[in-house]
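K.L.:
Model the following, please.
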Amino acid sequence: MWAKQSTAATLIVGPILDSSGAEYASAVIGDLSISKNGGTLTALAAAASLTHIANGQYTLVLTTGNLDTLGRTQITCNKSTYQMPPIGLVVVPAMVFDSLVLGTDVLQSDVTQFGGTNGTFTSGKPDVQAAASVSGAVGSVTGSVGSVVGNLGGNVNGNVVGSVASVAGNVSGSVGSVSGAVGSVTGSVGSVVGSVGGSVASVSGAVGSVSGNVGGDVAGKVLGGGSGTISGDGVRAASVTGAVGSVTGSVGSVVGAVELDSASVNAVADQVWDESYADHNGAGSFGKLLNTIRKANLAIEGTVTNAASPAATGFTSNVSATTGAYEHAVLLFTSGSLAGENSPIITYTSTNGAIVLEEALTAAPAVNDEFVIIAGSHVHSVASIKSGLSTLTAADVNAEVVDALSVDTYAELSAPPAATSSLKDKITWLFMYARNKITQTSSQRKLYRDDGSTVAGTSGTSDDGTTFTKGEDA
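P.N.:
Below is the predicted model of the structure:
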């Protein structure tokens, strides 16, 4: 089970049984201990509470202090001669619990790489380098462009707000080179095969191609759609607010901000969620934490099949494993009318994935109902726990007592028993006094062993005419 870090939680625990297998209804919170992430067993927080429900089952209310440590948490019964199935929890951060269990949050996704290289960021937004060709529309460029050596085959319908005043028409002719500043171009330019060494304030028409270098800065915005190609390098721009079709060359640098549209954001999110977790499993990483949680909560998915008619106590399934593999694990339905119901598996057979439940469901499941087998669980019914305890009857105990008294033999003692000796030795010593040889003088009494010559014990005696005194045997 999962628990949210530093958040109180209520669990159903038990049954708690005494040494005879009977259900125990008087447990208190001090009878339970907790181990946090493999640590030693310690007492639960004083504010935690344990309340008996029925049949040895209890409501356990854990405090925030009980659940303040991330990792595996175990709760056991520490009361002598009593036992309870241990409770296993995995304590996870609030964001993980809320997103994966409650569905009220989302997991944090930090984008740190584009194209396999470390990204750079401006004002918290990723910087993107683009080059080669632009076949779509360019909304605006507010930064600087180093050079354009390819073709710009589309239209630039917006404004370049930098040092070029404006280009309002199409550039359909050819320009050898522009080394100074161009105020405005209102016609069309077919191609630019030389270098533009100065600054361009704005281009509002269409440019057929630029095969040379734009060595100056485009400091304004390209507000229209550029559907042509930029196949060179060294172009710098402050910002692009429109759509860029493609860049097939190299872009020297982008020093402004690039904001992704909703489709791009969704594409990045899809890539994050579809990425193989095996590639993000480094020690201390968030991927490693999620992988550890996944392993600790391993579940086998399955569906009910029609190889046999489903019943409330058993059914066939598409789960394939060795016979007996899932016995005593908990099965939980996740779809259909029984969604949320669970029961321990008493037997699993590989043929047709046949499953027999230990406790009947409220109804028979339907074919294709989905379920999970919680592999990390291992539970036993009260009946199976009780069967594992001593099965001696009163008759068995009586037979053992009779055997000890009438069949077993005991050797005589060679010396007096101590005051704290066993009842057997004390009874044997009295028997020796009643049966064996004893000699008495005015000052000493001797008890002999069965051979009549070996002294087993001697005690001093005296008689002053009024009181007879016998000392302790030695």
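K.L.:
any weak-confidence spans in the stretch 51-200 of the chain?
P.N.:
Under the criterion pLDDT under 70, the flagged ranges of the stretch 51-200 of the chain are 109-122, 124-200.
K.L.:
how about a cut-off of 80?
P.N.:
108-200 (pLDDT under 80).
K.L.:
give the contact list for Leu413.
P.N.:
When contacts are counted by Cβ atoms under 8 Å, 6 or more residues apart in numbering, Leu413 touches Asp425, Thr428, Trp429, Met432, Ala456. (Each C-beta comes from the backbone N, C-alpha and C, glycine too.)
K.L.:
And the contacts of the helix or strand where the fourth one lies?
P.N.:
It refers to Met432. If you go by DSSP states H and E, Met432 is part of helix 423-435. Helix 423-435 is contacted from outside by Tyr410, Glu412, Leu413, Pro416, Pro417, Leu447, Arg449, Ala456, using Cβ under 8 Å, 6+ apart.
K.L.:
Just the buried residues from these, in PyMOL please.
P.N.:
A single PyMOL command selects the buried members of those (16 or more other Cβ atoms under 10 Å):
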select buried, resi 413+416+417+447+449+456
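K.L.:
which ones among the contacts of helix 423-435 are found in strands?
P.N.:
Leu447, Ala456 (DSSP state E).
K.L.:
Take the contacts of helix 423-435 and write them to CSV, including pLDDT.
P.N.:
Conversion of the contacts of helix 423-435 to CSV gives the following (pLDDT from 0 to 100):
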residue, pLDDT
Tyr410, 92
Glu412, 95
Leu413, 95
Pro416, 96
Pro417, 96
Leu447, 96
Arg449, 97
Ala456, 95
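K.L.:
what are the pairing partners of the next helix or strand after the helix holding Met432, and which direction each?
P.N.:
Along the chain past helix 423-435, the next helix or strand (assigned with DSSP H and E) turns out to be strand 438-440. Next to strand 438-440 in the sheet, as set by DSSP bridges, lie strand 444-448 (antiparallel).
K.L.:
buried sites along the strand it pairs with?
P.N.:
Arg445, Leu447, Tyr448.
K.L.:
same check, this time on stretch 452-465
P.N.:
By 16+ other Cβ under 10 Å, the buried positions in stretch 452-465 come out as Ala456, Gly457.
K.L.:
Can you give me the domain assignment for this structure?
P.N.:
2-102, 126-258, 299-382, 400-470 (automatic domain parsing).
K.L.:
Any idea how far apart the tips of the third one sit?
P.N.:
When you say that, I think you mean domain 299-382. 25 Å (Cα to Cα, to the nearest Å).
K.L.:
from the buried residues of strand 444-448, which is closest to Pro15?
P.N.:
Leu447 (57.3 Å; Cβ to Cβ).
K.L.:
Double-check the closest one against Ala474; I have them as touching.
P.N.:
No: using Cβ atoms under 8 Å, Leu447 makes no contact with Ala474, being 10.8 Å away.
K.L.:
Can you work out which residues contact both of these two?
P.N.:
Contacts common to Leu447 and Ala474, judged by Cβ under 8 Å, 6+ apart, are Gly457, Thr458.
K.L.:
ok, and what's touching stretch 327-342?
P.N.:
Here stretch 327-342 makes contact (Cβ under 8 Å, 6+ apart) with 343-348, 355, 357, 361-363, 365-366, 368-375, 377-380.
K.L.:
Let's see that stretch as PDB, backbone CA atoms only.
P.N.:
Below are the C-alpha coordinates for stretch 327-342, written out as PDB (Å, rounded to 0.1, in the frame of the first residue of the first chain):
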ATOM      1  CA  GLU A 327      -1.200 -18.400  -3.800                       C
ATOM      2  CA  HIS A 328      -1.900 -16.200  -0.800                       C
ATOM      3  CA  ALA A 329      -1.500 -13.000  -2.900                       C
ATOM      4  CA  VAL A 330      -4.300 -10.500  -2.900                       C
ATOM      5  CA  LEU A 331      -6.400 -10.200  -6.100                       C
ATOM      6  CA  LEU A 332      -8.200  -6.800  -6.700                       C
ATOM      7  CA  PHE A 333     -10.800  -6.100  -9.400                       C
ATOM      8  CA  THR A 334     -10.200  -2.900 -11.300                       C
ATOM      9  CA  SER A 335     -13.200  -2.900 -13.700                       C
ATOM     10  CA  GLY A 336     -16.700  -4.200 -14.000                       C
ATOM     11  CA  SER A 337     -19.300  -4.300 -11.200                       C
ATOM     12  CA  LEU A 338     -16.800  -5.800  -8.700                       C
ATOM     13  CA  ALA A 339     -14.200  -3.000  -9.100                       C
ATOM     14  CA  GLY A 340     -12.600  -2.400  -5.700                       C
ATOM     15  CA  GLU A 341     -13.400  -5.900  -4.300                       C
ATOM     16  CA  ASN A 342     -10.500  -8.100  -3.300                       C
END
